[in-house]
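Trainee: All I have is the shape, not the residue letters:
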């Protein structure tokens, strides 16, 4: 029986001490390891070595000659090339009983007070397999109790006793021992005798992994802010083409929704809720220090869906290769974001891409092939049910079947049945992804090159596809003395997305089930013309004749230049440039039009050319020094940033042939569409001060002064600040004494401000734009004004208060974090609604309104089982958000009065209380404001029910299970929410069809309709014409509480299973690593929601279920 | 050790100096200039658009161009779609496809303030455009005086034109005359009489300000005589509209006077043959719009919609045809019936359609312009005003001019009452499906209820008198607390 080690409580205290001591040791070393020495010479005196150390590292070497017995004239032979200082010292003092420490700029060498325990290998000459004895200790020599000792490749094993000792029979020389203990690195030790002493190093905890923050790095342990990190490993497990989608369900406080299942889909990202009533609530994206667009410009097609409230064409993060990403950090509170000033009110998402590592050149190849399908179809009426509905509707209306009732007047075959969802969106999309990277380098220069290729098709018929190719190059270099460091990074991605102008999903949901065949017997598209020669429907495949092509080139370049002026003082410049070019074409050939309209219609095409560019220069200085028992870090910097947005759209009509639609010269008329040429300028100074006293008390202060061109002349500048603090109470001796099981504990709190300027450029100016006409009026191109200007526009200011408790138990085997946040956003920038009689329906204005997003974030990480071959860990995150309108001056007199209520959530919808269907008349009735029933309620007076449209809670449950070479990871995402349901169909009983569109079919839920006097049914009587007395009650149902249903869901978001080739095989094949894997996304969804998908909640193509197989090989 | 202390001290001093100097270096380079932006290259700004003649003129030109662009599709509800929607509500057109909800709402007079698009929403932004032009022009000091005068006249004319239709569709309407959105957002509805006062004031000013010649795109240069493009408002357009406004308000003296001014300006205006009435720049046109869309058919939206193809009406782009009431209202031998009405026969059913604009949805060169004001109406205005003044001979003479062009004998009506009746009938057959004349005539002469009670059941609805006024959109009622809905629409 293999013995799996479980934790034993008696070891806790010693473990904790060991951990603490090791940490202290580790941090000292870490500091010294930043200093490197280059020196070569045969027989040079120690004096010269000390001089070189001082010159290259800044440390003055100090020692007592008597006690240390160092002779500075002693000759040594050294060959150091960028060797860490500790190694240099270890080399020149080898065999001497000396130790050293660093204090400010002084390197103090002294005699070792107690000889350190050493790894002793007591060699016995006997070769026969016999009893092997040994001892396991930590790095300080303390015995480790209950550590597992196993003979590799056999089932033989044991655990250590109270003195850390063990014995094993029948172990031969050349066997390998596997020694492990919770909280320590597992060690492999070849047996070379009859007695063994093994020392285990403390495992570097996840708490100490580097976490990227604004203008620097920290660790979760030492951070004062609310930051979450998702690493490359988790991203790699998910077959997604937009890295944002890899964050879904993984980060507390982060809510992400995918708009559609179409390649390049829009993605809405909200950190700790919607922070603005109507300005943008997109987070600030920063890729390797360079701000990146959160929205594309509005394009000429809407098929890719929206990103948040704005934007119509996909999401700019689609143009980042997820495989290039090392980590994504989500910054949530003021402590983490206020240093970004006016741009990060809605939080920040930092994307750090991969860098090369010194060492052997590594070649990594990753390929996966997959399939994607729509996960869920809606239950729609079949032909029989449909015809029954239509005839009943005609009877109810007492209306004869008319000439345009093609579905029931004999024009269409009433015996046909087509499952349009299956035909139009039931296909299987192909998914291919290949990545090849080469990385490596020396201690002074590292590099990484990655090439990626990605292709996915759609579930629609036809050969639509999206192809991406990308390259990422990173080079880092440091001078031999480590004072100058340079890092250059370039990423380029090109995307060619071939789509149609129209999403076929809404058509699939609305086409009558007896609609005609797609093709005529001869193979041509069937337009089902009537006696008069007019098409009776819009053949859905005609949409495939139209083309929407979206080509994007995305370049992101940045360089970081750092120079160590003095020990502790670095100056740094971050230079960045991003450039996204989008090239769109929307082609409407005549072949997409019904044949009979072709003589009088024209083919046309639209073209869009956009460029979004950003340049950034950020000079910075950092200074680090130890003051008293603490460490002070100071950062000062300045930002110069400029964004340019350009767009030119052209409309061309009248091509002699459909083949020439891409050639604008072949058009008879070309007119200009939208044009944009806007500039956003931004300038700031910022600073940060961080003081860490003995890893117990940490205080962090941020300040920024910002100027932005989006605001009127009186309000160009503003200041932002934050204060954050952390108390690492587990380092207090009384805690360690009384709560020995507590391995980590931190209380943190922060308060501060940041701003929101997401209102678009030039909002404060009164602007006149040209409006181009095919035939200019009297030869003149007109000018028109757009909206009311407001020169007093100001920042929307958000004040964030957050507090958190982070704890770890039993050597961090259980980690539990709890955060409370309360973000108040005041001086709201509103599209203040105006009656249209003023000329415009709104004006951008600051408004005395305050909204609050508050909530609890909770994460719980556990290592459930841990052994040599078996490891199981879980992670749960949960967010319980709440939103509230705190203040709205004169709300009652304002135009928003019907929509908001002070003290209530602001993400609400006011609805009529539905009473169901009147059994006598068969139409919907509601309770009016006086409590009496009405079938024609008025808004807002009768809308007395308040429905909260925000999610109630959401989160994810992640499990990671490893057994030998197998690794299984899965993530279950859950969201509790309510949403508009589609129970009531779209005018059940009505039908409309012509050459440009049609509707008719309904969800099966409408069968629960009223039919005759006395019926108690949830759906009102069918009608074909919807006269006003039927239509008004019908439309009101969508504004009633009845149309709001549970849209909660539980989704197996991601599953990844991989098998790693055993070490022996790898050796044989000369591979560092090889694994095969299968991955899935959106695999299973459990929901009561009746529509296509509870996440996209619309009639657009839902997020797809993806499944892939892949292989990864590292040479 | 001593040496070290000094060294360390120097080090501190140096670093401290460096650290302290950094923010100053940064501050000195971060300046206000860096973040001030020029207007975007793609737009002019409110303060410079009225500084040059060309850009100032382009602002007014865009109003006409926008009206014309919207005329291309009459279903695109804007002021130029009045010939479709308002006619549908009266007894002039039959809706082929009752499933088309927006059209059916107008057709069956079952407008709902929540679910139907509204002229309210379409017209007020146009009033804003003229208000902002008036404000900008009044502040401007750099424009050529003659140009400034003309443009101010045009802006006031457009404002009056918009209010004329608003007041006739909605009754009392909010009178927005400036750009103060805060005050305007709280405006109540002004009584009809007050709105008419403002219309008359604007039109009188426009008369003074506007050129007597048709002007070119620069709004300054007159066209050579005989080759006018009649697409910018002139003094005559303002006079013609003023005559109509006086007639509507019962000021017959002034109506006759103003109509006479236009009628007497024979160097520009004459009645031509019936088949030329809607051609571009014909002798009868007082104000037309120049089509700005080219595509297959750069002619009028009326022609494109009304002229039926051989396959007859359909649900796509030919969803209305002429009502039997109109077809049967012509006297025998009325040339207008042969010239301005045509028909197609599909499956044995004859569909009549308005054939005033003759170019349907086919490719054709630009020949017809959407016509807003024309001379024939001025004769009918004067006839009606004269009849009301008991100037029987004068009224007869005006009426007979219109009748004789249509190939009809002189009127037999010889007293005020029969004459007024005859004039109304003449207006019906002369002005059918043009700019809502029929609907407005029925309303102002008090015959709407009587006529609609007969017509509504034919459309499958029942007439309720409150339907004479359109409902005000619910959104504006929500946003302006002082607005009140027209009676009948609050359940």
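Mentor: In hand now; what should we look at? Predicted, not measured: the structure shown is a model, and the values here were computed from it. Numbering: from 1, shown residues only, chains lettered A, B, ... in the order given.
Trainee: if I pick residue A:507, what's in contact with it?
Mentor: A:420, A:424, A:538, A:540, A:543, A:997 (CB atoms under 8 Å, 6 or more residues apart in numbering or on different chains). Yep, even glycine has a C-beta here, placed from its N, CA and C like the rest.
Trainee: Now, these that are in strands?
Mentor: residue A:997 (DSSP state E).
Trainee: Phi and psi next, for the most centrally placed residue in chain B.
Mentor: When chain B is reduced to its mean C-alpha position, the nearest residue by CA atoms, centre = their mean turns out to be residue B:79, at 3.9 Å. Residue B:79 has phi and psi values of phi -60, psi -30 when expressed as degrees, to the nearest 10.
Trainee: doesn't residue B:126 make contact with it?
Mentor: Yes: if you go by CB atoms under 8 Å, residue B:79 and residue B:126 touch, sitting 6.5 Å apart.
Trainee: Give me the common contacts of the two.
Mentor: When CB under 8 Å, 6+ apart defines a contact, the residues bordering residue B:79 and residue B:126 alike are B:67, B:162.
Trainee: circling back: what number of residues lie near the closest residue to the residue nearest to the centre of chain B other than its chain neighbours?
Mentor: Nearest residue to residue B:79, sequence neighbours excluded (CB to CB, 6 or more residues apart in numbering or on different chains): residue B:123, at 5.6 Å. By the other CB atoms under 10 Å in any protein chain shown criterion, the neighbourhood of residue B:123 contains 23 residues.
Trainee: Reduced to three states, what does residue B:123 come out as?
Mentor: For residue B:123, the secondary-structure state derived from DSSP: H, G, I helix; E, B strand; the rest coil is helix.
Trainee: for it, what are its contacts?
Mentor: By CB under 8 Å, 6+ apart, the neighbours of residue B:123 are B:79, B:162, B:165-166.
Trainee: Centroid-nearest residue for chain A?
Mentor: Nearest residue to the geometric centre of chain A (CA atoms, centre = their mean): residue A:244, 3.0 Å.
Trainee: Doesn't that residue belong to a helix?
Mentor: Yes: under the criterion used here (three-state DSSP), residue A:244 sits inside a helix.
Trainee: Who are the contact partners of it?
Mentor: The neighbourhood of residue A:244, defined by CB under 8 Å, 6+ apart, consists of A:256, A:267, A:269, A:315, A:317, A:349.
Trainee: Pull up the gap between it and residue A:471, please.
Mentor: 21 Å (CB to CB, to the nearest Å).
Trainee: so where's the chain uncertain?
Mentor: Defaulting to chain A. In the prediction, chain A carries residues with pLDDT under 70 at positions A:1-34, A:103-104, A:113-130, A:140, A:182-183, A:202-205, A:309-312, A:713, A:893-895.
Trainee: other chain: chain B
Mentor: Low-confidence segments of chain B, defined by pLDDT under 70, are located at B:1-44, B:46-47, B:113-117, B:294-297, B:491.
Trainee: which residues of the stretch 151-300 of chain B fall in strands?
Mentor: Defined through DSSP state E, counting those that start in this stretch, the strands belonging to the stretch 151-300 of chain B, from first to last, are B:285-288.
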